[in-house]
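3D, please:
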Amino acid sequence: METLADSWASTALHTLAARPGTAAAVADSVEGADRAAIEPDLERMCMLGLLERRAGRRGEAIYAPTKWLREGIVLLIAAARHERRHLASQTAPVGTADVVAAYQLSLSLIRLPEDRSGTCRFELELGGGVVTGVSAEVVEGRVVSAEPDLEREAYASARGKLRDWFRAVIDGGIESLDFDDDHGLARAVVEAMHETMFGDQP
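Predicted coordinates for the structure are as follows:
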């Protein structure tokens with residue numbers, strides 16, 4: 001858990017939560033960084049089991065989240081709620097990049113019935129007028145993309161404060177969220193997030 005938590009602070013890890021990429025692509029997303037500085041961190045995270053290295057079409061190294069990292073988001077979400085409840089004055093607040101990466105990794109785990117398709121917008125109010133989240137595309141029961149584009153036209157949506165999302169995903173209390181969801185797709189996704197990540201808890 002400590003290894004996972006320490007690595008979560010890496011901007012590179014947040015970037016790769018969206019999609020696999022090269023060291024150069026990750027460096028482009030990190031202000032003031034270059035490939036020479038980023039690549040050793042990526043290799044270290046491969047050794048830790050957080051990332052896997054694949055060969056690209058031209059033989060370049062492509063880095064992608066491992067199954068262990070995607071499933072490890074469960075621990076990070078639970079730890080984040082504990083910190084907000086009991087250690088808020090001693091720990092860094094949850095930021096926009098944290099929220100987006102957490103959505104992206106969480107949504108990659110879920111499976112819905114194959115007759116479920118559409119675009120859902122998931123919004124989290126961080127306070128101070130800051131709203132972050134993702135628009136996720138569901139195709140035949142699988143989330144095939146989740147991008148931080150809240151202006152995208154969506155089939156359904158769910159919105160709430162940080163504590164509301166913690167309650168919905170960890171405890172299954174989805175009534176804490178505000179849904180615009182005539183066909184039930186956003187509700188089905190949130191329920192699947194809870195069941196997939198926290199549903200076996202006593």
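
ranges for the strands of this protein?
Assigned by DSSP state E, the chain shows strands spanning 51-55, 61-65, 118-127, 130-139, 142-147, 156-161, 178-180.

Put together a markdown table for those strands, with mean neighbour count and distance to Leu75 on each row.
C-betas here are computed from N, CA, C, even on glycine. Below are those laid out as a markdown table (neighbours: other C-beta atoms under 10 Å; distance: least, C-beta to C-beta, whole Å):
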| stretch | mean neighbour count | distance to Leu75 |
| --- | --- | --- |
| strand 51-55 | 15 | 17 |
| strand 61-65 | 19 | 14 |
| strand 118-127 | 19 | 19 |
| strand 130-139 | 20 | 21 |
| strand 142-147 | 18 | 20 |
| strand 156-161 | 20 | 22 |
| strand 178-180 | 15 | 27 |
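
how about the helices in the protein?
Here the chain has its helices, by DSSP state H, at 2-8, 11-18, 23-29, 35-47, 67-86, 96-107, 162-166, 185-198.

Ok, which of the strands of the chain comes nearest Ala24?
Nearest of the strands of the chain to Ala24, taken as C-beta to C-beta: strand 61-65 at 9.9 Å.

distance between the closest one and the chain's centre?
17 Å (C-alpha atoms, centre = their mean, to the nearest Å).

Quick one: work out the angle between that strand and helix 96-107.
Strand 61-65 and helix 96-107 meet at an angle of 80 degrees, taking axes from the mean of the first three to the mean of the last three C-alpha atoms, to 10 degrees as the criterion.
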